[in-house]
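Chemist: structure, please.
(one chain, ligands or ions: 1)
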Amino acid sequence: MRTGFRYAVIVCATAGLLGVARAGDLAITSFGGNGQLVFNTLNDGTNYDYRVEWAPSPAGPWRCFDGAAGLLQSIASAGSGSITSSVPMCYRVVALPPHLSGMVRVPGGTNAGRDPDSGTYSLTVEEFYMDRYEVTKTQWDEVYTWSTDKYSYSYDNAGGGKSKGHPVQMVNWYDCVKWCNARSEKNGFTPVYYTDAAMTQVYKAGQVLEPYVKASANGYRLPTDTEWEYAARGGVSGRRFPWGDGDTIQHVRANYSSSSAYSYDTSPTRGYHPTYNDVITPYTSLAGSFAPNGYGLYDMAGNVWEWCYGWCPGYEGTYRVLRGGGWLTNARSCGSAFDHESRSPGNAYSYLGFRAVLSQGQR
Ligand SMILES: [Ca+2]
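Modeler: Purely as a prediction, here's the structure:
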């Protein structure tokens, strides 16, 4: 069910608490001189995500923190040996409505640089929201059951999952596209994918090689290849992997198969991830088992590969793009720029899952 934002505002000067306005039962309870902001949480049985926003005045405009750059961007040189700093004076805590809980805001913009593997690149996207984790089996089942019981959806695969909280796999591209539509309908949104040019017939069943895409629809969809890579880079440029500190990979950072074939694979443990290799494939890990990237996205390298919407260039009509590498594959495949992998949309594998996005304006 879609609801509006609920938020609590704090107006502060030099980190002192001057006044608090509250909406509902969400409130900021303290803001200390050490910069620590404390707020209560909503207690209505819903699992909300929360985020802190800032503004120059209570009238706004309110802005999200885009990692460290969100603050650094407000500091500019005066050109005379001194620095003028514009410090945000108001903060608020926002409880994201349920349809956005579990998603992170990916700010629009351009991420350009030189990737150690692919060379110069430039990625430009509009703001969108993306699932924080790969879609889990739990999440998959909830929408799958809802959509097949009463709403005439039919899928080629029921989906596999090592256990609750692990990413869903053994789902083909058609399943994922239909599931996005079902999730949209479940949340009261307009589905994105249709079977007819007039876009009156929601894509719910069968294998439609090239669904009609309603660009104005506000529902869930698969990310484009460009959106996926932009998101994976997490706001840092020119790095091989989703993290900003170095261009190497180890098992402590991701669930993948380590090998000495790549000099930047410096994992002290080799082969499949020792924590998740229980000799019963697939060796997936609980979604979110490793540190997130700068946008708060987990497992953008490894665990399961992720279906993107687009065709593999040169193989239009045959193969759809996958990104990010998985538990089965090597360090190279985990690179943010690695786009050499694609699969037939009708095939399903135990190393391949997905995550969904919402276009801007759906907040
Ligand atoms: Ca992944």
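Chemist: could you tell me how many residues sit around whichever residue of the stretch 1-150 of the chain sits closest to the ion?
Modeler: Nearest residue of the stretch 1-150 of the chain to the ion: residue 134, at 5.3 Å (Cβ to the ion). Heads up, the C-betas are built off the backbone N, CA and C, glycines and all. Look at residue 134: counted by other Cβ atoms under 10 Å, it has 26 neighbours.
Chemist: name the element it belongs to?
Modeler: For residue 134, there is no host helix or strand (DSSP states H and E).
Chemist: excluding its backbone neighbours, what's nearest it?
Modeler: residue 167 (3.8 Å; Cβ to Cβ, 6 or more residues apart in numbering).
Chemist: residues in contact with the closest residue to residue 170 other than its chain neighbours?
Modeler: Leaving out its chain neighbours, the residue that sits closest to residue 170 by Cβ to Cβ, 6+ apart is residue 160, at 3.7 Å. Residue 160 sits next to 137, 168, 169, 170, 171, 282, 350 when contact means Cβ atoms under 8 Å, 6 or more residues apart in numbering.
Chemist: shouldn't the last one be in contact with residue 167?
Modeler: Think residue 350. No - using Cβ atoms under 8 Å, residue 350 is not in contact with residue 167; the gap is 10.4 Å.
Chemist: looking at those two, which is more packed in?
Modeler: The neighbour comparison of residue 350 against residue 167 (other Cβ under 10 Å) goes to residue 167, with 35 against 17.
Chemist: enumerate the residues of the chain near the ion.
Modeler: Within the chain, the residues that sit near the ion (Cβ under 5 Å from the ion) are 299, 303, 324.
Chemist: which of those residues tops the neighbour count?
Modeler: Neighbour counts for these (other Cβ under 10 Å) peak at residue 303, which has 34 neighbours.
Chemist: assign a three-state SS to that residue, would you?
Modeler: Three-state call for residue 303 (DSSP: H, G, I helix; E, B strand; the rest coil): coil.
Chemist: so what pLDDT did it get?
Modeler: As predicted, residue 303 sits at a pLDDT of 98.
Chemist: when you give positions from now on, start the count at 11
Modeler: All set: I'll call the first residue 11, so the last point we hit is now residue 313.
Chemist: nearest residue to it other than its sequence neighbours?
Modeler: Nearest one to residue 313, counting by Cβ to Cβ, 6+ apart, is residue 265 at 4.6 Å.
Chemist: low pLDDT regions in this structure?
Modeler: 11-35, 42-45, 55-57, 74-99, 370-373 (pLDDT under 70).
Chemist: thinking again about what came up before, give the contact list for the residue of the stretch 11-160 of the chain closest to the ion.
Modeler: Per Cβ under 8 Å, 6+ apart, neighbours of residue 144: 177, 178, 297, 308, 309, 313, 314, 316, 363, 364, 365.
Chemist: farthest-apart pair in these, please.
Modeler: 178 and 308 (14.8 Å; Cβ to Cβ).
Chemist: the two - which one has more neighbours?
Modeler: Taking neighbours as other Cβ under 10 Å, residue 178 and residue 308 compare with residue 178 leading, 29 against 21.
Chemist: can you give me the neighbour number for the residue lying closest to that one once chain neighbours are set aside?
Modeler: Using Cβ to Cβ, 6+ apart and skipping the chain neighbours, the partner closest in space to residue 178 is residue 150 (4.0 Å). Residue 150 is flanked by 25 other residues according to other Cβ under 10 Å.
Chemist: which helix or strand contains residue 150?
Modeler: Per DSSP H and E: residue 150 is located in helix 147-160.
Chemist: now do the buried residues in that helix.
Modeler: Neighbour-count burial for helix 147-160, counted by 16 or more other Cβ atoms under 10 Å, picks out 147, 149, 150, 153, 154, 157.
Chemist: and the strands in the stretch 161-310 of the chain?
Modeler: If DSSP state E, counting those that start in this stretch is used as the criterion, the strands of the stretch 161-310 of the chain fall at 203-204, 222-223, 230-231.
Chemist: tabulate these (JSON lines), appending distance to residue 324 and mean neighbour count.
Modeler: Formatted as JSON lines, these follow (distance: least, Cβ to Cβ, whole Å; neighbours: other Cβ atoms under 10 Å):
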{"stretch": "strand 203-204", "distance to residue 324": "24", "mean neighbour count": "22"}
{"stretch": "strand 222-223", "distance to residue 324": "21", "mean neighbour count": "15"}
{"stretch": "strand 230-231", "distance to residue 324": "23", "mean neighbour count": "27"}
